[in-house]
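# what follows is a predicted structure for the sequence shown.
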Amino acid sequence: MYPVRYFQIILTFLMAYQLACQPTGHSFVLIDRNRPCTILVDLESYPDVESVLEDFSRRSAMGNDVYFRALAAAELRRYLSQMTGHDETDVSIVDDRVSVIGNILFVGLPGEHSSYADMRSVLLRRWRKTKNKNAQGMRFDTFQQEQRSVLAISGRSAVATLYAAYDWLEQQGVRWIAPDEGAEIVPVRSGITVQPCDLYREPAMTLRGYIPGCAQAESFKSGSSLLRWLLRNRINLLAAEARADSLLHGYGIRAVRNIVPDVKRQSGFNEICLGHPESLKQFIDSLLTAAAPWPDLLIFDAAKIEKWCDCAVCAQMGNATDKSLALLAQIGEMMETVQQDNRGVETVELLGIVGSKIPEKAIPENWNDQRIKLAVHVFPRCFDHSMTDANCTEVNYKILQTLSYWLNEKAIGEVGIIEGYHAAEFAGLPLVLSERLHEDIPFYVDIGIKFLLSHQPEFSYPGTNALLDYQMARQCWRGEVDLDTLESEYFAVYYPGIPERMQEFYRILQEALANIVAWRFELPQKLDQMAQQDFTEPLLPLDLFRNHFLLGNRFAEENLGTDWERTYQLIHDARRLLDETMMQSVPDQTVDHLIALEAQLRFAEMTITLYDNVIRVLTLSKDEPEMREEAAIRLRETTRKMAEFKLPQHPCGEITALNACGISDACQKLCRVLDEHYGPAYERIYE
């Protein structure tokens, strides 16, 4: 038998281990109106936090570890002071080499020369025991000793520590609704109580943000309210001009740009041959050279390749997706070679986008899942149904089949999606997708999607996009949110004095444009086909056409006529409500928000009216000549008005409503066809 002393030693060790690795003690008040706390942070060689922030504000490149820790400390001081009614000077930020008593908020890990070496040892041990190695992982730990109670907020990296600070503030009720001055929620608290904790958390998505789209890449300015808002909501990917890369790094944001081929000098982005290694190498080298200076993430959209070579070698390589994977793997290899040549691109990754087809062959052996991230377009998709809705068998179900394949293909590595929230086809329209994001993003997280991206919108003139961007940021970080709470907070802050009216306005828009993909994709494609046949074939059998434009029973308890007519009525209802609202007395900033909505609504009115005119012209029978003639006259007049109306602040640049509606060419051809029949009627109208 072992001696009693042996068991005593084991018991003592286990008790010490439990104290070090489990939250101990009781809850404590970190800060209240009468007693501030002290924020401790490793400032390295800087005398104070202001010196760190001032030093880096003067540099063209911001964003090393001490900067992010200092910024986290400064942001915590800012909001803790506001919540509890203190001046910021009441909440001291002290270097961790100084020993203090009282309640402490520790930011990041204690430094090597910290006065809190025991706490550093425990935190390092807890981090080592954390199995998940997510670079944005966060820890929240409490420690209690005789003269101090400590909450330690740390991250696996300095940027993650900053994210952890914002995450903790969000837990306290702080919200950053929009980039506008004052568009945030800072709850008033008598005190902030901290419960004992030994907690690890990580974001729902590792990449959250925007890739180049219709909007031009922006050159951001230092101190931009937009960049601060993106950082506080932990958006970490943005399309920008090369000269803005270092600035974005100071806000924890990675820069992304497309690899854009020079089609004029290449044998073809439209006919790529994988059977000639030297030619392929030259082609890829030209792409990488043209993309210099490289951002943090390069995008190659292989789904846009219109034609692959049909030589014997290429024919044996499988379908278009197989060839896309082979090309992406080759690009990744050449990027690795460039890195080894010490050209300063050690952190650059490749985001490869593929089409919807499932590959026929095995994943290429030279596929580097550490260098390449695979993204799948889930667009065009049906926004009238969530991804989990079994009723959507035509579109979303097929997308889910593709996602299921990639998620089960272990050799491919991380898989993400590119959603169509800000697709160019929707630009300028008052799109509301609150229910879709609320249902779909948690589902994406559950099935293993690691990043979610959308095309970059026009941030300076958001309209309804302001809600979409805020909700997307919140859910990409946390996954699940309470939609009712999110919306009530948003409308109270973004539309002060009129939140209920605006919430009703958005509800109408969400119903009206629920089937926007059918309007902006299915109908234009059919019209283009008809235009090629000089409109000699029918639009669709009328019953089939109506089935394709269902708004869904979840919006209305009863069917109020054909659904495109219902959409027309809903847009009219939205106009009436917005006009009444704009007559009310509201703050200037709210007026600006309403003006942006008015421009979006006007474009929606024109677009829906045009679609309605086209549908009536093509579906009314020959037995209704007067109604067809009236529809033809209205179509011609609407087409003329839309050709004259330029959309303000459109993300795709200066563009008319007709060019932006998706059916410009088909409408103009249809008008010419109708002119032959209704020319005299037009003349009577315009006399």
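Thanks, I have the structure now. Just so it is clear, the structure is predicted and the values come from calculations on it, not from any experiment. Numbers count the residues shown, from 1 in each chain.
# mind listing what residue 394 touches?
Contact analysis of residue 394 by C-beta atoms under 8 Å, 6 or more residues apart in numbering lists residue 382. Heads up, the C-betas are built off the backbone N, CA and C, glycines and all.
# to which secondary structure element is it assigned?
Using DSSP states H and E, residue 394 sits in no helix or strand.
# ok, residue 671 next?
Counting by DSSP H and E, residue 671 is part of helix 664-686.
# low-confidence ranges, the stretch 551-687 of the chain, go.
Along the stretch 551-687 of the chain, segments meeting pLDDT under 70 span 551-564, 621, 678-687.
# and if we set it to 90?
Per-residue confidence for the stretch 551-687 of the chain (pLDDT under 90) gives these ranges: 551-569, 587-589, 608-609, 611-636, 645-655, 660-687.
# those strands in it, which residues are they?
With strands called from DSSP state E, counting those that start in this stretch, the stretch 551-687 of the chain shows none.
# output the below-cut-off pLDDT ranges for the stretch 301-450 of the chain.
For the stretch 301-450 of the chain (pLDDT under 90), the answer is 302-316, 335-348, 355-357, 370, 377-385, 388-398, 410, 423-428.
# and the helices in it?
Taking DSSP state H, counting those that start in this stretch as the criterion, the stretch 301-450 of the chain contains helices spanning 312-315, 320-340, 396-407, 434-447.
# so which of those is nearest residue 41?
helix 434-447 (31.6 Å; C-beta to C-beta).
# so which elements touch the closest one?
helix 396-407, helix 465-478, helix 483-494, helix 499-512 (3 or more C-beta pairs under 8 Å, 6 or more residues apart in numbering; DSSP states H and E).
# okay, buried residues for it please.
434, 436-438, 440-442, 444-445 (16 or more other C-beta atoms under 10 Å).
# ok, stretch 369-388 next?
For stretch 369-388, burial by neighbour count (16+ other C-beta under 10 Å) applies to 371-387.
# so residue 66 is in which element?
helix 65-84.
# quick one: distance of that helix to the chain centre.
On the basis of C-alpha atoms, centre = their mean, to the nearest Å, helix 65-84 sits 25 Å off its chain's mean C-alpha point.
# next one: stretch 376-384
15 Å.
# equivalent analysis for stretch 594-606, please.
Distance, stretch centre to chain centre, for stretch 594-606: 23 Å (C-alpha atoms, centre = their mean).
# what does stretch 142-154 give?
On C-alpha atoms, centre = their mean, the centre of stretch 142-154 falls 36 Å from that of its chain.
# what of stretch 301-318?
Using C-alpha atoms, centre = their mean, the offset of stretch 301-318 from its chain centre is 31 Å.
# one more: stretch 37-56?
Distance, stretch centre to chain centre, for stretch 37-56: 32 Å (C-alpha atoms, centre = their mean).
# now swap in stretch 420-433 and tell me
The answer for stretch 420-433 is 13 Å, by C-alpha atoms, centre = their mean.
# please apply the same query to stretch 389-398.
Per C-alpha atoms, centre = their mean, the displacement of stretch 389-398 from the mean C-alpha position of its chain is 23 Å.
# before we move on, what about stretch 625-642?
The chain centre lies 40 Å from the centre of stretch 625-642; the measure is C-alpha atoms, centre = their mean.
# about what we covered before: looking at the helices and strands packed on helix 434-447, which is nearest to residue 201?
Closest of these to residue 201 is helix 465-478, at 9.2 Å (criterion: C-beta to C-beta).
# what sits against residue 361?
Contacts of residue 361 by C-beta under 8 Å, 6+ apart are 317-318, 322.
# what about 10 Å?
Listed by C-beta atoms under 10 Å, 6 or more residues apart in numbering, the contact set of residue 361 reads 316-319, 321-323, 325-326.
# cool, and residue 168?
Residues near residue 168 by C-beta under 10 Å, 6+ apart: 72, 76, 79, 105, 138, 140, 151, 153, 174, 192, 194, 201.
# of these - the most surrounded one?
Counting neighbours by other C-beta atoms under 10 Å, the top entry in the contacts of residue 168 is residue 72, with 28 neighbours.
# can you classify the spatially closest residue to residue 587 that is not a sequence neighbour by secondary structure?
Nearest residue to residue 587 in three dimensions, chain neighbours excluded: residue 496, at 6.1 Å (C-beta to C-beta, 6 or more residues apart in numbering). Going by DSSP: H, G, I helix; E, B strand; the rest coil, the secondary structure assigned to residue 496 is coil.
# tell me which helix or strand comes right after the helix holding residue 66.
Sequence-wise, the next helix or strand downstream of helix 65-84 (DSSP H and E) is strand 92-95.
# what's the average pLDDT for whichever helix or strand comes after that following strand?
If you walk from strand 92-95 toward the C-terminus, the next helix or strand you reach (DSSP H and E) is strand 102-107. The average of the pLDDT scores along strand 102-107 is 95.
# could you dump strand 102-107 to PDB, C-alpha only?
Once non-C-alpha atoms are left out, strand 102-107 reads as follows in PDB (Å, rounded to 0.1, in the frame of the first residue of the first chain):
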ATOM      1  CA  GLY A 102      -8.800  47.200  -6.000                       C
ATOM      2  CA  ASN A 103     -10.800  46.000  -9.000                       C
ATOM      3  CA  ILE A 104      -8.800  45.400 -12.100                       C
ATOM      4  CA  LEU A 105      -9.700  44.900 -15.800                       C
ATOM      5  CA  PHE A 106      -6.700  43.200 -17.400                       C
ATOM      6  CA  VAL A 107      -6.400  43.600 -21.200                       C
END
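# show me which residues of stretch 501-520 are buried.
501-502, 505-520.
# could the contacts of residue 361 go into CSV alongside distance to residue 83?
CSV is the format used below for these (distance: C-beta to C-beta, whole Å):
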residue, distance to residue 83
316, 65
317, 60
318, 58
319, 57
321, 52
322, 56
323, 56
325, 51
326, 55
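# can you say which of those are buried?
By 16+ other C-beta under 10 Å, these give 317-318, 321-323, 325-326 as buried.
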